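Visitor: quick one: sequence plus predicted model below, questions after.
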Amino acid sequence: MRWCRLVSVILLVGAPLRADQPDFKARLSAAIARAVEKNPTIGEMEARIAAARHRVGQSTALPDPEVEVGLQDVPTAHLSLRRDDFTMEKISARQRFPGVGKRGAQRRFAEAEVASLESMHADHVVVLAAEVAAELFTLAEIDARAGILESSRERLRRAASSAVERYRVGKGAQADVLRANLETTATEERLVALRGERRMVAARFNALQGLPPPETVDPVAFSDVEPSAPAAAELLRDAESRSAAIAAAAADVRRAEEQVRLAHLERRPDWMAATYYAHRIDFEDLAGASIAVNLPFFQPKRLRERESEKEAELSGARASLEAAKNEVRRGASEAYADLERSLEQARLYRASILPQAETNLAAAQEAYTVGQVDFLTYIRAALDRDMYEGELVMRRAAAWRALAALQKASGLPLIEGTPGPGEIHVEK
């Protein structure tokens with residue numbers, strides 16, 4: 001399978017790194033690998049697959065043979081094993097043989113169940129990796145926004161000091177000092193909120209990796225590289241043909257087909273072979289053998305209802321397969337549109353809006369210095385510049401989360417470090 005390759009990864013676990021550092025990609029891959037190894041839901045799925053594989057080996061086994069030991073024809077008036085020539089000590093053995101084709105259908109049903117679980121596991125791993133990456137992208141967004149707010153707080157503190165000095169010498173108003181202090185305090189409140197939000201995101205990020213939720217997560221840094229994905233048409237084709245979720249639904253259809261086949265095969269009788277040996281104390285020993293068949297066709301209504309039940313389940317499985325394909329197309333299309341929108345918005349902020357805000361701030365600062373604008377105009381320009389920088393960070397993070405959503409919806413390992421179906425190890 002040809003997987004989509006990313007241009008780069010923007011985030012890392014640990015201290016902030018630049019995008020050109022050699023272990024940049026490895027940090028995100030390490031978080032995904034840790035989640036695949038340690039997340040308890042992975043162990044649950046692997047155990048279910050191992051159990052299903054053991055059911056395959058059982059599916060073609062014959063039913064357990066039966067052995068019967070007893071006394072036969074003992075007279076009730078005078079309990080004795082010698083008085084009657086019909087009295088005997090008897091041992092019998094029986095073995096049932098399923099009708100022709102039933103064991104093969106049972107094996108194919110069990111194999112389809114294994115294929116379904118393996119596909120569900122592969123899809124689960126892809127989804128888990130996307131969730132780990134999305135939480136990491138959110139941490140990077142929060143850290144970047146916190147950095148902007150800290151810079152804004154320092155700028156406001158300097159502005160407050162300047163306002164106090166101007167007020168002291170009679171060149172400023174007391175309202176300017178109060179406004180600067182108010183904005184500084186408001187910035188502190190936003191920082192407190194971001195720190196609380198980061199703790200919640202970090203707890204989810206740790207839990208996905210099977211780590212203690214309170215464990216500290218070091219700062220996460222953005223790079224300047226944009227996320228990329230294949231063309232929409234190509235991605236949708238790959239998703240429909242290779243999505244693990246669609247493969248799981250197709251395996252469910254195969255399993256339902258085998259159940260229908262088994263229901264039809266119930267019309268074929270099962271065979272029972274039996275033999276016995278009887279010991280008589282004063283008479284000659286006896287032995288015998290017999291073959292019996294059941295007659296399922298004497299219950300036509302039950303057979304018809306059974307077949308109708310399995311046909312209905314097959315129709316439902318086929319509808320689920322079409323629904324899975326439709327859900328993949330819908331989810332992938334939505335995530336792709338979100339990715340393109342976020343990228344366009346980020347480029348607009350980076351190339352136009354933020355430079356204009358910086359120019360406006362520089363002009364307002366210079367005009368305030370020479371007394372051409374009031375303090376409120378200068379503060380508003382500074383806050384606008386920081387707000388637009390925060391918006392840029394949020395758009396960049398949204399683009400990366402859209403890539404994670406695209407991986408989650410399509411079932412394709414778009415984020416580097418996500419294992420493909422052939423790379424997932426399941427204990428046998």
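Guide: Structure received.
Visitor: residues in contact with R153?
Guide: R153 sits next to 184, 187-188, 191 when contact means Cβ atoms under 8 Å, 6 or more residues apart in numbering. Backbone N, C-alpha and C define where each C-beta goes, glycine included.
Visitor: report the buried residues of stretch 201-220.
Guide: For stretch 201-220, burial by neighbour count (16 or more other Cβ atoms under 10 Å) applies to 201-211, 217, 219-220.
Visitor: would a markdown table of these with distance to S59 be doable?
Guide: A markdown table is the format used below for the buried residues of stretch 201-220 (distance: Cβ to Cβ, whole Å):
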| residue | distance to S59 |
| --- | --- |
| V201 | 46 |
| A202 | 47 |
| A203 | 44 |
| R204 | 41 |
| F205 | 42 |
| N206 | 41 |
| A207 | 38 |
| L208 | 36 |
| Q209 | 37 |
| G210 | 34 |
| L211 | 40 |
| V217 | 47 |
| P219 | 54 |
| V220 | 49 |
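Visitor: and of the residues you listed, the nearest to D270?
Guide: Lowest distance from D270 to the buried residues of stretch 201-220 (Cβ to Cβ) belongs to G210, with 48.4 Å.
Visitor: show me what contacts the closest residue to that closest one other than its chain neighbours?
Guide: Setting aside the residues directly before and after it, G210 is nearest to K38 in space (Cβ to Cβ, 6 or more residues apart in numbering), at 2.9 Å. K38 is in contact with 209-211, counting by Cβ under 8 Å, 6+ apart.
Visitor: so how far is N294 from R254?
Guide: 28 Å (Cβ to Cβ, to the nearest Å).
Visitor: between the two, which one's more packed in?
Guide: R254 (17 against 14; other Cβ atoms under 10 Å).
Visitor: tell me which element the more buried one falls in.
Guide: R254 is located in helix 244-265, with elements delineated by DSSP states H and E.
Visitor: give the next helix or strand downstream of that helix.
Guide: Downstream of helix 244-265 (by DSSP H and E), the next one is strand 271-279.
Visitor: run a quick neighbour tally on L79.
Guide: Residues near L79, counting by other Cβ under 10 Å: 9.
Visitor: mind listing what's buried along stretch 319-333?
Guide: Quick answer for stretch 319-333 (16+ other Cβ under 10 Å): 320-321, 324-325, 328-329, 331-333.
Visitor: mind listing residues that contact that stretch?
Guide: 232, 235-236, 239-240, 243, 245-246, 248-250, 252-253, 405-406, 408-411.
Visitor: please apply the same query to stretch 71-78.
Guide: Among residues not part of stretch 71-78, those counted as contacts by Cβ under 8 Å, 6+ apart are 80-81, 83-84, 86-90, 278.
Visitor: distance from the chain centre to that stretch, please.
Guide: 68 Å (Cα atoms, centre = their mean, to the nearest Å).
Visitor: and it, C-alpha only, in CSV?
Guide: Provided in CSV are the C-alpha atoms of stretch 71-78 (Å, rounded to 0.1, in the frame of the first residue of the first chain):
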residue,chain,number,x,y,z
LEU,A,71,-26.1,-52.1,33.3
GLN,A,72,-28.9,-53.3,31.0
ASP,A,73,-31.9,-55.5,31.6
VAL,A,74,-31.3,-56.2,35.3
PRO,A,75,-34.4,-58.0,36.8
THR,A,76,-36.1,-55.8,39.4
ALA,A,77,-37.6,-58.7,41.5
HIS,A,78,-34.3,-60.4,42.2
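Visitor: in helices, which of the buried residues of stretch 201-220 appear?
Guide: Mapping those onto helices (DSSP state H) picks out 201-208.
Visitor: ok, so of these, who is nearest G99?
Guide: Once Cβ to Cβ is applied, the member of these that ends up nearest G99 is L208, at 49.3 Å.
Visitor: OK, contacts around the closest one?
Guide: L208 touches 35, 39, 128, 131-132, 135, counting by Cβ under 8 Å, 6+ apart.
Visitor: now those as CSV including neighbour count, secondary structure and distance to V100?
Guide: Converted to CSV, the contacts of L208 look like this (neighbours: other Cβ atoms under 10 Å; DSSP: H, G, I helix; E, B strand; the rest coil; distance: Cβ to Cβ, whole Å):
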residue, neighbour count, secondary structure, distance to V100
A35, 26, helix, 48
N39, 21, coil, 46
L128, 20, helix, 45
E131, 20, helix, 49
V132, 27, helix, 51
E135, 25, helix, 55
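Visitor: and the residues you listed, which two are furthest apart?
Guide: Based on Cβ to Cβ, the longest span within the contacts of L208 runs between N39 and E135 and measures 12.7 Å.
Visitor: tell me if P75 really is in a strand.
Guide: No: assessed by DSSP: H, G, I helix; E, B strand; the rest coil, P75 does not belong to a strand; its assignment is coil.
Visitor: surely A399 touches A229?
Guide: No: A399 is beyond contact range of A229, at 10.3 Å (criterion: Cβ atoms under 8 Å).
Visitor: thinking again about what came up before, strands - which of the buried residues of stretch 319-333 land there?
Guide: With DSSP state E as the criterion, strands contain none of these.
Visitor: name the residues of stretch 236-247 that come out as buried.
Guide: 236, 238-240, 242-247.
Visitor: helices of the stretch 1-150 of the chain, start to end?
Guide: 24-38, 40-59, 102-168 (DSSP state H, counting those that start in this stretch).
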